[in-house]
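A.B. asks: Need coordinates for the following:
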Amino acid sequence: MQKHFLALAAAGLLATPALAQNATPIPEKLDAAALAKIKDEGLNRSKVMETAFYLTDVCGPRLAGSEGLARANAWTKKRLTDYGLANANVEAWGDFGRGWDIDKSYVAMTAPYYHAMIGVPKAWTPSTPGALRKQVVVVKATTEADLDKYKGQLRDKIVLLPVATPPTPNFEPDAKRLTAEDLQKLADAPAATPNAAANRPADPAMAERMATLRAQRELRTKVSAMLLAEGAAAVLSPGRGTDGTVFTTNGAPYAADAKPVLPELEMSSEDQLRLIRLAEAGIPVEIEMETKTRFQTQDLKGYNVVAEIPGTDKKLKSEVVMLGGHLDSWHSATGATDNAAGVAVMMEAVRILKASGLKPRRTIRIALWGEEEQGLHGSRNYVKNHFADPATMLLKPDHEKLSAYFNLDNGAGKIRGIYAQGNEAVKPIFTAWLQPFAEMGATTVTSRNTGSTDHVAFDAVGLPGFQFIQDGLDYFARTHHSNQDTYDRLVADDLKQASVVVASFVYNAAMRDQKLPRKPLPAPVKPQ
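C.D. replies: Next comes the predicted model:
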């Protein structure tokens with residue numbers, strides 16, 4: 001019989017206003033000996049940075065469908081098998097589209113003098129026809145009518161597009177940790193009520209911003225079509241970011257039947273502005289550039305990597321606790337904070353559990369998602385294939401067997417708590433589970449949700465899916481989808497702490513007598 005202690009026992013520390021109306025909840029039982037093993041293994045013999053090194057420096061960029069993602073799929077499957085996990089598999093989730101890889105990329109100004117510049121090919125754009133050395137022309141258009149004045153002037157030219165927001169001095173630090181005040185605001189945030197968004201009064205300012213954004217996108221599509229029709233050689237467009245940071249995007253769809261576009265580089269704002277100033281001053285500007293890109297069309301499917309620690313309880317081993325993060329990244333760096341950090345932590349969590357010799361009652365399943373950056377494709381299709389389709393809400397048998405899914409994908413900062421996703425019944429449970437980590441900075445349970453990552457796929461079909469609260473560090477300021485998202489942005493102690501917290505949460509969920517509480521099933525939602 002293992003020794004247990006009662007976390008946050010009967011003194012009412014587990015009570016919340018919602019629970020106070022009911023009978024006193026049974027305090028959570030936490031296994032002190034197991035927790036000690038988890039902490040010892042995760043803090044003293046950690047492999048999380050070694051894993052992060054292989055995911056980033058060795059596997060390289062992991063754009064959806066790319067060779068880098070295929071390398072990462074194969075490596076993570078082998079590494080999980082080496083840890084002793086069972087049923088490791090690279091599992092197809094369905095049809096995705098073309099992959100894309102960069103073999104070469106180079107851009108420099110060669111006149112009026114030489115200057116190497118920072119530029120990144122936009123994803124899914126084609127190669128240049130060899131090395132180019134061309135004159136530039138600036139194209140500025142705020143309406144479709146503005147395009148007429150450039151007709152007949154663009155053939156064989158490299159087009160410069162304007163910088164919408166020039167750099168200005170920033171007096172705030174790039175990297176920040178959540179303060180006690182920040183965490184208290186999260187803890188105090190009320191749960192969203194059902195259909196709150198639908199019932200909220202219309203926001204005219206938001207509607208106007210969305211209309212402006214749609215108009216800008218439509219105009220950009222027309223600009224691209226005109227440049228191609230006029231025979232321009234290539235496009236240099238400004239990337240969001242300053243100080244040499246370029247936040248990358250795609251320049252064409254990944255669909256197998258996507259229409260052709262021009263070769264396009266996303267440039268640092270400073271380099272783009274220098275070129276524009278020179279050209280507008282009437283000084284001839286010449287650019288030398290070459291890109292070699294390859295489309296991967298031999299396999300149009302997307303994949304997830306899945307592996308398990310089988311459960312040991314005769315009655316509960318058919319039930320599952322899941323954890324995961326997305327394995328794909330953008331292409332301008334090595335996707336360290338987005339999301340090799342989350343993947344490394346989740347892999348480390350299952351390694352800790354295996355190395356500690358713990359025997360979970362329920363099966364623990366890790367899933368490393370593909371194609372998240374293009375719309376949560378890996379997790380959404382996994383949920384659809386295994387649990388339910390949110391468009392119909394016809395539940396598959398495994399829907400009843402999932403206890404919870406835990407996700408990590410908000411950068412490389414340490415865990416400070418967890419988002420309850422509006423599930424008030426789990427708040428006292430998570431509060432108890434966090435209590436042993438208070439000295440490590442993880443204390444907060446909030447009713448709020450953070451969206452735009454893979455736990456949303458589970459929540460959409462009424463399954464308990466949760467994302468951890470993390471310190472932001474310089475995620476949005478510097479690394480998110482940027483050419484700065486490299487191994488060197490990772491903080492080892494933060495990832496060790498996160499690994500221990502995740503391993504503990506997953507183990508606790510696997511050992512409970514009951515699955516975690518669920519919210520009511522949502523109504524079917526037809527895809528937009």
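
A.B. asks: low pLDDT regions in the chain?
C.D. replies: Within the chain, the stretches with pLDDT under 70 are 1-26, 192-202.

A.B. asks: ok, 90 please
C.D. replies: Applying pLDDT under 90 to the chain flags residues 1-27, 29, 165, 170, 191-217, 239-241, 449-452, 526-528.

A.B. asks: how about the longest helix belonging to it: buried residues?
C.D. replies: Across the chain, the helix with the greatest residue count (assigned by DSSP state H) is helix 204-229. Of the residues in helix 204-229, those buried under the neighbour-count criterion (16 or more other C-beta atoms under 10 Å) are Leu219, Val223, Ser224, Met226, Leu227. Where C-beta positions appear, they are placed from N, C-alpha and C, glycine not excepted.

A.B. asks: now the strands for the stretch 351-500 of the chain?
C.D. replies: 363-369, 402-407, 415-419, 444-446, 465-470 (DSSP state E, counting those that start in this stretch).

A.B. asks: where do the helices sit along the stretch 1-150 of the chain?
C.D. replies: Under the criterion DSSP state H, counting those that start in this stretch, the stretch 1-150 of the chain carries helices at the ranges 17-20, 32-44, 48-53, 67-82.

A.B. asks: Over to the stretch 201-350 of the chain?
C.D. replies: Counting by DSSP H, counting those that start in this stretch, residue ranges of the helices within the stretch 201-350 of the chain are 204-229, 269-280, 341-355.

A.B. asks: starting at the chain centroid, how far to the first one?
C.D. replies: Helix 204-229 sits 25 Å away from the centroid of its parent chain (C-alpha atoms, centre = their mean, to the nearest Å).

A.B. asks: Same check on stretch 385-395?
C.D. replies: Distance of stretch 385-395 from its chain centroid, counting by C-alpha atoms, centre = their mean, is 23 Å.

A.B. asks: what do you get for stretch 148-161?
C.D. replies: 37 Å.

A.B. asks: for that stretch, how far is the first residue from the last?
C.D. replies: 16 Å (C-alpha to C-alpha, to the nearest Å).

A.B. asks: quick one: buried residues of it?
C.D. replies: When neighbours are counted by 16+ other C-beta under 10 Å, the buried residues of stretch 148-161 are found to be Tyr150, Leu154, Lys157, Ile158, Val159, Leu160, Leu161.

A.B. asks: tell me the contacts of the residue nearest to the last one when sequence neighbours are not counted?
C.D. replies: Distances taken as C-beta to C-beta, 6 or more residues apart in numbering put Ser237 closest to Leu161, at 4.5 Å, once the chain neighbours are dropped. The neighbours of Ser237, taking C-beta atoms under 8 Å, 6 or more residues apart in numbering as the test, are Lys122, Leu161, Glu264, Leu265, Glu266, Met267, Gln272.

A.B. asks: and what of Leu43?
C.D. replies: Residues touching Leu43, when contacts are defined by C-beta under 8 Å, 6+ apart, comprise Lys496, Val500.

A.B. asks: For it, give its distance to Asp493.
C.D. replies: Leu43 sits 9 Å away from Asp493, going by C-beta to C-beta, to the nearest Å.

A.B. asks: what's the longest strand in this structure?
C.D. replies: Among all segments of the chain classified by DSSP state E, the strand with the greatest residue count is strand 99-111.

A.B. asks: elements contacting that strand?
C.D. replies: If contacts are counted by 3 or more C-beta pairs under 8 Å, 6 or more residues apart in numbering; DSSP states H and E, strand 99-111 sits against helix 67-82, strand 115-116, strand 119-121, strand 264-267, helix 269-280, strand 286-296.

A.B. asks: change it to 7 Å
C.D. replies: In terms of contacts (3 or more C-beta pairs under 7 Å, 6 or more residues apart in numbering; DSSP states H and E), strand 99-111 is packed against strand 115-116, strand 119-121, strand 286-296.

A.B. asks: would you turn the buried residues of stretch 148-161 into CSV with distance to Gly302?
C.D. replies: Output for those, formatted as CSV (distance: C-beta to C-beta, whole Å):
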residue, distance to Gly302
Tyr150, 39
Leu154, 37
Lys157, 38
Ile158, 34
Val159, 33
Leu160, 35
Leu161, 31
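
A.B. asks: wait, which of those is closest to Ala180?
C.D. replies: Each of those was checked against Ala180 using C-beta to C-beta; the closest is Leu161, at 44.2 Å.

A.B. asks: residues contacting the closest one?
C.D. replies: Applying C-beta atoms under 7 Å, 6 or more residues apart in numbering, we find Leu161 in contact with Val139, Val235, Ser237, Pro238.

A.B. asks: what number of residues lie near the last one?
C.D. replies: It refers to Pro238. Pro238: 22 surrounding residues under other C-beta atoms under 10 Å.

A.B. asks: now swap in the second one and tell me
C.D. replies: Residue crowding around Val235 was assessed by other C-beta under 10 Å; the count is 24.

A.B. asks: Please apply the same query to the first one.
C.D. replies: With neighbours defined by other C-beta under 10 Å, the count for Val139 comes to 22.

A.B. asks: Give me the distance between it and Phe171.
C.D. replies: In this structure, Val139 and Phe171 are separated by 34 Å, where distance is defined by C-beta to C-beta.

A.B. asks: give the contact list for Ala255.
C.D. replies: With contacts defined as C-beta under 7 Å, 6+ apart, Ala255 is in contact with Gly97.

A.B. asks: Next up, phi/psi of the closest residue to Val120 other than its chain neighbours, please.
C.D. replies: The shortest distance from Val120 to any non-neighbouring residue, by C-beta to C-beta, 6+ apart, is to Ser332 (4.3 Å). Phi and psi for Ser332, reported as degrees, to the nearest 10, are phi -80, psi -10.

A.B. asks: list the contacts for Ser332?
C.D. replies: Residues in contact with Ser332 (C-beta under 7 Å, 6+ apart) are Val120, Val246, Thr248, Ser482, Asn483.

A.B. asks: can you redo these as CSV with neighbour count and distance to Met206?
C.D. replies: Converted to CSV, those look like this (neighbours: other C-beta atoms under 10 Å; distance: C-beta to C-beta, whole Å):
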residue, neighbour count, distance to Met206
Val120, 25, 31
Val246, 26, 28
Thr248, 23, 26
Ser482, 27, 26
Asn483, 23, 31
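
A.B. asks: Name the nearest of the residues you listed relative to Gln497.
C.D. replies: Proximity to Gln497 was ranked across those by C-beta to C-beta; first place goes to Ser482, at 24.6 Å.

A.B. asks: Farthest pair within the buried residues of stretch 148-161?
C.D. replies: Farthest-apart pair in those is Tyr150 and Ile158; separation 13.5 Å (C-beta to C-beta).

A.B. asks: What is the burial count for Pro253?
C.D. replies: Counted with other C-beta under 10 Å, the neighbours of Pro253 add up to 15.

A.B. asks: residues in contact with it?
C.D. replies: Neighbouring residues of Pro253 by C-beta under 7 Å, 6+ apart: Trp124.

A.B. asks: could you measure it against Pro527, distance?
C.D. replies: For Pro253, the distance to Pro527 equals 17 Å [C-beta to C-beta].

A.B. asks: ok, now Met49?
C.D. replies: In this view, Met49 and Pro527 are 40 Å apart by C-beta to C-beta.

A.B. asks: Same drill for those two, tell me which one is more crowded.
C.D. replies: In this comparison of Met49 against Pro527, neighbours counted by other C-beta under 10 Å, the higher total goes to Met49 at 15 against 7.

A.B. asks: Thanks a lot, catch you later.
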